[in-house]
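Visitor: how does the following fold in three dimensions:
(one chain, ligands or ions: 1)
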Amino acid sequence: MKTLEVKVGNVTIGGDNPIVVQTMCNTHTSDVEASVSQCRRLAAAGAQLIRLTVPSVAQVESLRQIKETLRAEGIDTPLVADVHFSSDIAIAAAEVVEKVRINPGNFHKDHEKAREQFARLVEVCKLNGTAIRIGLNHGSLGDRITNLYGNTPLAMKEAVMEWLNMCIENDFYNVVVSLKASNTFVMVEAYRLLAKEMEESGVVFPLHLGVTEAGNGDGGRIKSAVGISALLSEGIGNTIRVSLTEDPENEIPVAQYLADRYGHKIHSSMVSLTLEGKKAIATYDAPSRERLLLDFSCDFGKRLLDKELDEVELIGCEDADYLVDELLQAARRRFYRPEYIACPGCGRTMYNLEGTFEEVKRRTAHLKGMVIAVMGCIVNGPGEMADADWGYVGEGNGKVSIYKGKSPVLRHVPETEAIDRLLELIEKAED
Ligand code: SF4
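Guide: As a prediction, this is how the structure comes out:
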């Protein structure tokens, strides 16, 4: 799909340009030294854009210092400010970094004020050559849109089209757009709807793809590969982030593999494929286990999502049954374990997210089919959990809130007890 070109510092997204790989720091932006150090590592690992959270106007100054330090070292990777719940922060950050990500669901509470503030943001971006990402998430659509269209891919597309039309009204085209969801089916459908509508309208903004809150380990990689590859294989997508609840450096090789594969630089390591009705039987000769699971996810994820296939079999691999289970779960065709929604963490995270998520997974592994969220912060976490049955949400200061659906059922639980309390509540509700 041919899109407009968007300039983000020295990187161009869209048009005929290769797929751009990006990631996000999980340091506190106010900790300039730690953030610079992580940016160095991410740039060296191949990140072409690096995003940092900006939770307050005061942290715009930290962002400036981070950028100045990196530039003085000759690291020119463009930086992106990630902004939620404050249009004023977005406007301030647009003077400092090359791109600002806003979330339409929380840019401003009042829709009319949002339009005014967005026009101000666009003016600042025009003056400074800053790009914007309209970064909508399934979990934070906002009441106005969900009341009109439900919590659906259509609602996501409609919500984002409003904002793209605001860009066009303001004669501003340096815009990338994303419609992320943790549910691969919702994510793929939303992007497809948006791509179709933009093509019909004749103004096609570049797309940033990602499966949000994908989790970690094999599950996070397979889920990300299924959602992102389904779209890239259709020519949809210009920049990608593989969002893992791990060190962000680990995201880069996975994203680079997807960018290379759909940039036609590498091919699947599959060596044989047999089709028996809606069942596929495949063998691979992959150079590594990670490559095998990514190839397997890309080769069959979309076909499972689109119900062209119902079953897959992997031959000649030690943990074939497990990988098939993970793939079927990622494509939402069969649930053999709980479905986890876990944010990657960012500068808003106030606890050991990776360790806690592993512990939650270990202790809830028996709860097949249940949707359990582990979120890094109370500001964004509850809004982003989408359709989770239960949520573990870090409050900061060693405290946790436990959610049942969208409602908090326990607040200010000490971290040391929080997983026990969560399990007790689940057991009670299951009785
Ligand atoms: S939910 Fe997670 S990734 Fe999102 S803002 Fe909070 S800590 Fe950061």
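
Visitor: could you check how far whatever residue of the stretch 251-400 of the chain ends up closest to the ligand is from N216?
Guide: Nearest residue of the stretch 251-400 of the chain to the ligand: G376, at 2.7 Å (Cβ to the nearest ligand atom). Every residue, glycine included, has its C-beta placed from N, CA and C. Going from G376 to N216 by Cβ to Cβ, to the nearest Å gives 13 Å.

Visitor: neighbour count winner among these two?
Guide: Under the criterion of other Cβ atoms under 10 Å, the comparison of G376 against N216 puts G376 first, with 26 against 20.

Visitor: measure that one to Y351 for me?
Guide: G376 is 8 Å from Y351, by Cβ to Cβ.

Visitor: likewise for E213?
Guide: 16 Å.

Visitor: when the two are compared, which one has more neighbours?
Guide: Set E213 next to Y351 and count neighbours by other Cβ under 10 Å: E213 wins out with 30 against 20.

Visitor: was I right about that one contacting I341?
Guide: Yes - if you go by Cβ atoms under 8 Å, E213 and I341 touch, sitting 4.4 Å apart.

Visitor: need the overlap of contacts for those two.
Guide: Taking Cβ atoms under 8 Å, 6 or more residues apart in numbering as the criterion, E213 and I341 both touch 182, 373, 375, 385-386.

Visitor: residue of the stretch 51-200 of the chain closest to the ligand, please.
Guide: Proximity of the stretch 51-200 of the chain to the ligand (Cβ to the nearest ligand atom) peaks at T53, 6.0 Å away.

Visitor: wait, what's in contact with that residue?
Guide: If a contact means Cβ under 8 Å, 6+ apart, then T53 has 24-25, 29, 82, 346-348 as its contacts.

Visitor: what about the ligand: which of those touch it?
Guide: 346, 348 (Cβ under 6 Å from any ligand atom).

Visitor: from the contacts of T53, which land in helices?
Guide: Using DSSP state H, no member of those sits in helices.

Visitor: and the residue of the stretch 51-200 of the chain closest to the ligand, what are its phi and psi?
Guide: For T53, the backbone dihedrals (degrees, to the nearest 10) come out as phi -80, psi 150.

Visitor: L423: what's its closest spatial neighbour, skipping adjacent residues?
Guide: In space, and not counting its chain neighbours, L423 is closest to R363: 6.2 Å by Cβ to Cβ, 6 or more residues apart in numbering.

Visitor: surely that neighbour meets I419?
Guide: Yes - if you go by Cβ under 8 Å, R363 and I419 touch, sitting 6.0 Å apart.

Visitor: have a look at these two and say which one is more surrounded.
Guide: Set side by side, R363 and I419 show more neighbours around I419, with 20 against 13, by other Cβ under 10 Å.

Visitor: test my guess that T23 contacts T239.
Guide: No - applying Cβ under 8 Å as the test, T23 and T239 come out as separate, 11.0 Å apart.

Visitor: hey, what's in contact with both of the two?
Guide: With Cβ under 8 Å, 6+ apart, T23 and T239 have common neighbours L49.

Visitor: quick one: the helices in this protein?
Guide: Using DSSP H, helices in the chain cover 32-45, 58-72, 87-93, 111-128, 143-149, 153-169, 184-201, 217-232, 251-262, 289-305, 320-330, 353-364, 381-384, 415-430.

Visitor: out of those, indicate the one that is most buried.
Guide: Counting by mean count of other Cβ atoms under 10 Å, helix 217-232 has the highest mean neighbour count of the helices of the chain, with a mean of 26.

Visitor: what residues go with each domain of this structure?
Guide: 5-262, 270-330, 339-430 (automatic domain parsing).

Visitor: export these to TSV and append columns for mean pLDDT.
Guide: Output for the domains of the chain, formatted as TSV (pLDDT from 0 to 100):
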stretch	mean pLDDT
domain 5-262	96
domain 270-330	97
domain 339-430	94
